[in-house]
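**Q** What shape does this take:
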Amino acid sequence: MALEHLTLETFKTKVFDFEKNTEWKFEGTRPAVVDFYADWCGPCKMVAPVLEELAVDYQGKIDIFKVDTEAERELASMFAIQSIPSILFIPMDGQPAMAKGAMPKESFKQAFSDVLKIEIE
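**A** As a prediction, this is how the structure comes out:
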């Protein structure tokens, strides 16, 4: 399963429709991760293959999205993205959590467990 790249429009249907809601309201059907990245960013390139692996490991349990901060400046500014990669972890219930910087695979798994409440064997 490939990671899905989101635009402003698809972000509103799959993650958060900020035009209709002032308070956080997740639109997704499973917990999600949003990777805010840019093509020129070295640490982003290190995270990309890790997320590809996790998309396979957690297929059907978590949706993993990518947002190109260069192409989607409005989304980046909405989330006050100042350093990349910035990773948004979105549980089904409760507020999302943001992590900054490149993380190893084990740290992602820990966040999936702690924030998203998702475990795999």
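**Q** buried sites along stretch 96-105?
**A** Going by neighbour count (16 or more other CB atoms under 10 Å), the buried part of stretch 96-105 is 96, 99, 102-103. In short, each C-beta sits where N, CA and C put it, glycine included.
**Q** for that stretch, how far is the first residue from the last?
**A** From its first residue to its last, stretch 96-105 covers 19 Å (CA to CA, to the nearest Å).
**Q** If we only consider the buried residues of stretch 96-105, which is nearest to residue 24?
**A** Ranked by distance to residue 24 (CB to CB), these are led by residue 96 at 7.0 Å.
**Q** Next up, the contacts around the closest one.
**A** Each residue near residue 96 by CB atoms under 8 Å, 6 or more residues apart in numbering is listed here: 24, 26, 88-90.
**Q** For the residues you listed, please prepare TSV with the additional fields neighbour count, distance to residue 16 and pLDDT.
**A** Below are the contacts of residue 96 laid out as TSV (neighbours: other CB atoms under 10 Å; distance: CB to CB, whole Å; pLDDT from 0 to 100):
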residue	neighbour count	distance to residue 16	pLDDT
24	11	7	88
26	19	7	90
88	20	10	96
89	19	14	97
90	24	8	96
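**Q** And the pLDDT for the residue lying closest to residue 69 once chain neighbours are set aside?
**A** Spatial nearest neighbour of residue 69, chain neighbours left out: residue 76 (4.1 Å); criterion: CB to CB, 6 or more residues apart in numbering. Note for residue 76: predicted pLDDT of 94.
**Q** how about residue 76, secondary structure?
**A** With DSSP: H, G, I helix; E, B strand; the rest coil as the basis, residue 76 sits in helix.
**Q** Compute the number of surrounding residues for it.
**A** 19 (other CB atoms under 10 Å).
**Q** isn't it right up against residue 36?
**A** Yes. Using CB atoms under 8 Å, residue 76 is in contact with residue 36, at 6.2 Å.
**Q** Identify the contacts common to these two.
**A** Common neighbours of residue 76 and residue 36 (CB under 8 Å, 6+ apart) are 67, 69.
**Q** now for the buried residues of stretch 96-105, which pair is the farthest apart?
**A** 96 and 102 (19.2 Å).
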